[in-house]
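> Okay, structure incoming, though there's no sequence with it:
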């Protein structure tokens, strides 16, 4: 009985915290929307495999997964920048906490955060 009350109290506290999060998040600027869209396009156009929770996925599957996570975060006002998209959405599983990995060709797998940050730098570098 004690554990059930304790779990109920913890759940109630988590709901209060979760409800308050959007109050502090910024809205996505047009620049952030453009950059995130370009990142998703680069994922899908890449010749890279993406690891999520121990399984490798195609670029199209990776984009679809990240788009779902992005839509969730945006609907709740939880993203304010492309950097925040990378750190809060596209770097690790929200269920297991395991980092996402990217493997391009025969190169060693790297953290998706590193790959995405490199792509973001390329997007921002004038040609």
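Structure's in. What do you need? Note that the coordinates shown come from a computational prediction; the quantities given were computed from them, not determined experimentally.

> list the contacts for the spatially closest residue to residue 112 that is not a sequence neighbour?
Leaving aside its sequence neighbours, residue 112 sits nearest to residue 100 (CB to CB, 6 or more residues apart in numbering; 3.8 Å). C-beta here means a position set from N, CA and C on the backbone, and glycine is covered the same way. Listed by CB atoms under 8 Å, 6 or more residues apart in numbering, the contact partners of residue 100 are 50-52, 90-93, 111-113.

> repeat that for 7 Å
50-52, 90-92, 112 (CB atoms under 7 Å, 6 or more residues apart in numbering).

> where exactly do the helices run in the protein?
2-24, 30-45, 59-75, 82-88, 112-124 (DSSP state H).

> Show the pLDDT at the residue nearest to residue 112.
Residue 100 carries a pLDDT value of 98.

> Take the contacts of residue 100 and write them to CSV, including distance to residue 68.
Formatted as CSV, those follow (distance: CB to CB, whole Å):
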residue, distance to residue 68
50, 14
51, 17
52, 12
90, 12
91, 15
92, 15
112, 15
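
> Quick check: which ranges of the protein have low pLDDT?
1-26 (pLDDT under 70).

> now the residue nearest to the spatial centre of the chain, nearest residue through space, not along the chain?
The centre of the chain sits closest to residue 89, judged by CA atoms, centre = their mean, with a distance of 1.5 Å. Spatial nearest neighbour of residue 89, excluding adjacent residues (CB to CB, 6+ apart): residue 69 at 4.8 Å.

> what's the spacing between that neighbour and residue 79?
10 Å (CB to CB, to the nearest Å).

> follow-up on the earlier one: in strands, which of the contacts of residue 100 fall?
Judged by DSSP state E, the subset of the contacts of residue 100 located in strands is 50-52.

> Most neighbours out of those, which is it?
With neighbours taken as other CB atoms under 10 Å, the top of these is residue 50, carrying 24 neighbours.

> I'd say that one and residue 64 touch.
No - the criterion here is CB atoms under 7 Å, and residue 50 misses it with residue 64 at 10.7 Å.

> who touches both of those two?
Counting by CB under 7 Å, 6+ apart, nothing touches both residue 50 and residue 64.
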